[in-house]
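In: Mind folding the following:
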Amino acid sequence: MRETARLAMAGLIMIWAGPAAADGDADTGAAFARKHCAACHAIRGDGASPNPSAPPFRGITKDWPADSVAEALAEGIRIGHEGKPMVALDLTVEEVADLVAYIAAVQR
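Out: Alright, predicted model coming up:
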């Protein structure tokens with residue numbers, strides 16, 4: 001059941017990945033990033049990542065399309081960065097939209 005819900009969410013996000021950033025709240029996404037992501041990633045528009053192998057947020061959509069980022073977040077990213085495990089993510093649709101909105105905001 002949980003896997004079905006996760007796949008359904010991933011499908012929905014793929015459909016609306018473009019509007020996800022517009023529908024999400026970047027401020028809420030920033031708070032999430034500070035709490036869960038900043039230990040490894042540079043989450044602002046400048047600076048280096050604390051973990052050099054963790055990509056800065058400002059370049060994420062340069063390397064990966066926004067729909068791929070949203071899908072990966074919805075599915076739960078399970079990769080790590082040079083021996084440091086990635087935080088296990090189990091995000092709601094709203095959290096994905098908020099985080100994608102924040103990532104889009106730091107691209108500018």
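In: how about the helix or strand where residue 68 lies as PDB, C-alpha atoms only?
Out: According to DSSP states H and E, residue 68 maps onto helix 66-75. In PDB, the C-alpha atoms belonging to helix 66-75 read as follows (Å, rounded to 0.1, in the frame of the first residue of the first chain):
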ATOM      1  CA  ALA A  66      13.200  20.200 -11.900                       C
ATOM      2  CA  ASP A  67      10.900  17.300 -12.600                       C
ATOM      3  CA  SER A  68      13.700  14.900 -11.900                       C
ATOM      4  CA  VAL A  69      14.500  16.700  -8.600                       C
ATOM      5  CA  ALA A  70      10.800  16.600  -7.600                       C
ATOM      6  CA  GLU A  71      10.500  12.900  -8.500                       C
ATOM      7  CA  ALA A  72      13.700  12.000  -6.600                       C
ATOM      8  CA  LEU A  73      12.500  13.900  -3.500                       C
ATOM      9  CA  ALA A  74       9.100  12.200  -3.700                       C
ATOM     10  CA  GLU A  75      10.600   8.800  -4.000                       C
END
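In: Show me which positions of it end up buried.
Out: For helix 66-75, a neighbour-count test (16 or more other Cβ atoms under 10 Å) marks 66-67, 69-75 as buried. The C-beta positions use only the backbone N, C-alpha and C, and glycine is treated the same way.
In: Ignoring the adjacent residues along the chain, who's closest to residue 101?
Out: Distance criterion Cβ to Cβ, 6 or more residues apart in numbering; nearest residue to residue 101, sequence neighbours excluded, is residue 24 at 3.2 Å.
In: And residue 95, by the same measure?
Out: Using Cβ to Cβ, 6+ apart, the closest residue to residue 95 is residue 32 (6.3 Å).
In: Contact partners for the one you found?
Out: Residues near residue 32 by Cβ atoms under 8 Å, 6 or more residues apart in numbering: 95, 98-99, 102.
In: Just the buried positions in the helix or strand harbouring it, please.
Out: Element membership for residue 32 (DSSP H and E) is helix 26-36. Neighbour-count burial for helix 26-36 flags 26, 28-30, 32-33, 36 (criterion: 16+ other Cβ under 10 Å).
In: Cheers, nothing more for now.
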